[in-house]
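>>> Pasting the sequence and the predicted coordinates here, then a few questions.
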Protein chains: 2
Amino acid sequence: MYPPERILMGPGPSDVHPRVREALARPLLGHLDPDFTPLLDEIAGGLRTAFGTANRVTFPVSGTGSAGMEAALVNLVEPGEEVVVGVAGVFGGRMAEVARRAGARVHTVEAPWGRIVEPEAFVEEVARRRPAVAALVHAETSTGVHQPVGEIGAALAGGDTLLLLDCVTSLAGVEVAVDAWGVDVAYAGTQKCLSVPPGLAPVTFSDRAVAKVRARQAPVQSWYLDLTLLLGYLDAEGGRTYHHTAPIAMLYGLAEGLALVAEEGLEERWARHARLGGQLQAGLVDLGLELLAQEGHRLPQLTTVALPEGVDEAAWRRRLLVEHGLEVGAGLGDFAGRAWRIGLMGHTCAERNVLLLLDALERLLGEPR
Amino acid sequence: MYPPERILMGPGPSDVHPRVREALARPLLGHLDPDFTPLLDEIAGGLRTAFGTANRVTFPVSGTGSAGMEAALVNLVEPGEEVVVGVAGVFGGRMAEVARRAGARVHTVEAPWGRIVEPEAFVEEVARRRPAVAALVHAETSTGVHQPVGEIGAALAGGDTLLLLDCVTSLAGVEVAVDAWGVDVAYAGTQKCLSVPPGLAPVTFSDRAVAKVRARQAPVQSWYLDLTLLLGYLDAEGGRTYHHTAPIAMLYGLAEGLALVAEEGLEERWARHARLGGQLQAGLVDLGLELLAQEGHRLPQLTTVALPEGVDEAAWRRRLLVEHGLEVGAGLGDFAGRAWRIGLMGHTCAERNVLLLLDALERLLGEPR
């Protein structure tokens, strides 16, 4: 099967740069080959830049973004500990569920779909519960909302609660500043603004987060994701001890994707996303459509937009795919059946794609209904 | 970084066929694209053939072989249940550890390194403990031992114990007959005899295994690996509901790897491994070296061989890599420091590689020491 031509403008995966695709096809080296392991250090360096952190423990988990979420929570949380989670969409809800399965007593701070989790309410709940972990989604992929984090981090500074941030859709698309914001653990996916295929989950752990994992009473419930075991391989200081076989081809791809980020410059990349996301959102409003994320807190790389009353969104989405080769995503949860999620992530984030999407949508809207 | 030329003759990864490498580099489709999801069915079909099963629930887990092990155990085992595990090397030991972390009460049936787990002893322990799950490694990658399974499966038939088999290194290299042997759950890796890069773990669950998972009292501790959630996406009957983003490029590669297996023919593939593994092992004996796996139970695709007394195995291994571009694996556990693991898996399993390895080794042995 050779895939038909698509422009991936959904909530991820995004289009993969040809250089990353070429990297995936390189011949394998063994995961313990002395010519391979330096690539792990190179990847760690690129990820530190993208996360805005000096954390030594920064690496890609061998699974997709959801495995990154699970790695963060099952390592940090011990059974019976309190966890506060901000929930304003699917991925906040997923964090709460994963934390529960790790044995946490979960308290949620909720917000309506399309709104941010109010920092004040979140900080108050943390002050009340004094949880081991407080968790938020930075870029809620189900709503297109850009959660403010800095003021929450500042309010939590000096306390014992570890701040955990889901950066699956934010990393390399908008500013992520793990150290400046006081985030202890963050995770992401490769298939969003990094434009590497899905299959790896970059994560970063602060020293105090690592110390908490090392001081656990109960073993980490997942052997595969156990940070203390992973460190033996990931870190030259650990002696590159075999844990599981690293996904080598995907790591080639991630290294190339991070090289592209470095060549563009991280701030220039954020600016590109901001500019083109703004152009798309203005264009959608010009077409008379309603944006569903709260004004002032819209992600440029992921836009939720309501379709006119009476439109069969699935049929229109199908027509975009088949007639125009453009993939957009369906709404989830509160937005299911009435909205789309339009991604402009990484390599997909190009003006030609904004124009193609707006043109195709204008034609659909212009048809007699 | 463009990788230096290597022939991967270690315990995995093996060399990847150029057609698989080309497949990895294809442009992405979305994981919900109607042109992508038929590939999941094609992969399931190819895996059913390789596993020797008609199990409906047969799919690749989005992680490496160890994630497949974890997926099998955390779904099957509920906290407090008894599990019997055959341990005669690293991977049996890993199964026991993963089962413990899933809350199982684990009983091991042990055998010395290089020996099979005696079927009679294993069956007796199962009869005594009446465990929920009995687990074995089919191809113990740390010892090169080929565990007999058929007689154990026959002895367990009709009982309530589910039989779980680690096929990471056996799948598509030697016969695997999940249905004929009465195996309920099996898992594998892609980077061994399938010669696809590491990153996916084929698994198969019998109907009664699926029924056990569906009837669980406690939720599966891993959200990422929860079979009941995965089925919603993997199966057209589940409506292709989004769970996590499938690792699309790796799935392209796996589909191509399975196509190569089908073109060669599964039995012809087993015969190729048997013939060339036999040739390698005979050649090693001719060089005066000792094979460490029990005679009559040697895997053709993974050979453990002792080096002469006084040889610095790491230095020789390094010389093979640097001077000959040949990667072999270090011994683990009881075999550490005195043995190698030589793989002839999938695309690596070619006569030219046998000859190159034997020639290089003969030269090393002929040097003054």
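Perfect, I can see it now.
>>> When you work out contacts or count neighbours from here on, use the C-alpha atoms and nothing else.
Fine.
>>> helices or strands next to the helix ranked longest in chain A in the packing?
Criterion DSSP state H: the longest helix present in chain A is helix A:266-286. The contact analysis (3 or more C-alpha pairs under 8 Å, 6 or more residues apart in numbering or on different chains; DSSP states H and E) places helix A:266-286 against strand A:290-291, strand A:302-306, helix A:351-366.
>>> Could you pull up the mean pLDDT of the shortest one?
On average, the pLDDT along strand A:290-291 is 98.
>>> how far does it sit from the chain's center?
Taking C-alpha atoms, centre = their mean, to the nearest Å, one finds the center of strand A:290-291 at 23 Å from the center of the full chain.
>>> who does it touch, helix- and strand-wise?
helix A:266-286, strand A:302-306.
>>> Columns mean neighbour count on top of these, output as TSV?
Formatted as TSV, the helices and strands packed on strand A:290-291 follow (neighbours: other C-alpha atoms under 10 Å in any protein chain shown):
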stretch	mean neighbour count
helix A:266-286	19
strand A:302-306	27
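>>> As TSV, these with mean pLDDT would be great.
Converted to TSV, the helices and strands packed on strand A:290-291 look like this (pLDDT from 0 to 100):
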stretch	mean pLDDT
helix A:266-286	98
strand A:302-306	98
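>>> can you put those in CSV and add distance to residue B:86?
Formatted as CSV, the helices and strands packed on strand A:290-291 follow (distance: least, C-alpha to C-alpha, whole Å):
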stretch, distance to residue B:86
helix A:266-286, 51
strand A:302-306, 50
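>>> of all those, which lies closest to residue A:30?
Minimum separation from residue A:30 across the helices and strands packed on strand A:290-291 (C-alpha to C-alpha) falls at helix A:266-286, 31.1 Å.
>>> And that closest one, how far out from the chain middle?
The answer for helix A:266-286 is 18 Å, by C-alpha atoms, centre = their mean.
>>> if we can go back for a sec, out of the helices and strands packed on strand A:290-291, which is closest to residue A:166?
Comparing those by C-alpha to C-alpha, strand A:302-306 comes nearest, at 15.0 Å.
>>> tell me the average confidence for the helix or strand that that closest one is followed by?
Heading C-terminal from strand A:302-306, the first helix or strand you meet, by DSSP states H and E, is helix A:313-324. Summarised as a single mean, pLDDT over helix A:313-324 is 97.
>>> Enumerate the positions of helix A:313-324 that are buried.
For helix A:313-324, a neighbour-count test (16 or more other C-alpha atoms under 10 Å in any protein chain shown) marks A:313, A:314, A:317, A:318, A:319, A:320, A:321 as buried.
>>> so which two of those residues are the farthest from each other?
Every pair of those checked by C-alpha to C-alpha; the farthest is A:313 and A:321, at 12.2 Å.
>>> near chain B, which residues of the stretch 151-300 of chain A?
Proximity of the stretch 151-300 of chain A to chain B, by C-alpha under 8 Å from any C-alpha of the partner chain, involves residues A:197-199, A:219-224, A:244-250.
>>> buried subset of the residues you listed?
Using 16+ other C-alpha under 10 Å, the buried members of these are A:197-199, A:219-224, A:244-250.
>>> State the pair within those that is farthest apart.
Based on C-alpha to C-alpha, the longest span within those runs between A:197 and A:219 and measures 31.7 Å.
>>> Next, count neighbours for residue A:38.
Residue A:38: 13 surrounding residues under other C-alpha atoms under 10 Å in any protein chain shown.
>>> what's the answer for residue A:35, then?
Number of residues near residue A:35 (other C-alpha under 10 Å) recorded here: 14.
>>> got the phi/psi numbers for it?
Note on residue A:35: its backbone torsions stand at phi -90, psi -10 [degrees, to the nearest 10].
>>> same question, residue A:164
Backbone torsions of residue A:164, given as degrees, to the nearest 10, read phi -120, psi 130.
>>> isn't it right up against residue A:138?
No: applying C-alpha atoms under 8 Å as the test, residue A:164 and residue A:138 come out as separate, 9.8 Å apart.
>>> Could you report the separation of the closest residue in space to residue A:326 that isn't next to it in sequence from residue B:29?
Spatial nearest neighbour of residue A:326, chain neighbours left out: residue A:7 (5.0 Å); criterion: C-alpha to C-alpha, 6 or more residues apart in numbering or on different chains. Noted for residue A:7: a distance of 9 Å to residue B:29, by C-alpha to C-alpha, to the nearest Å.
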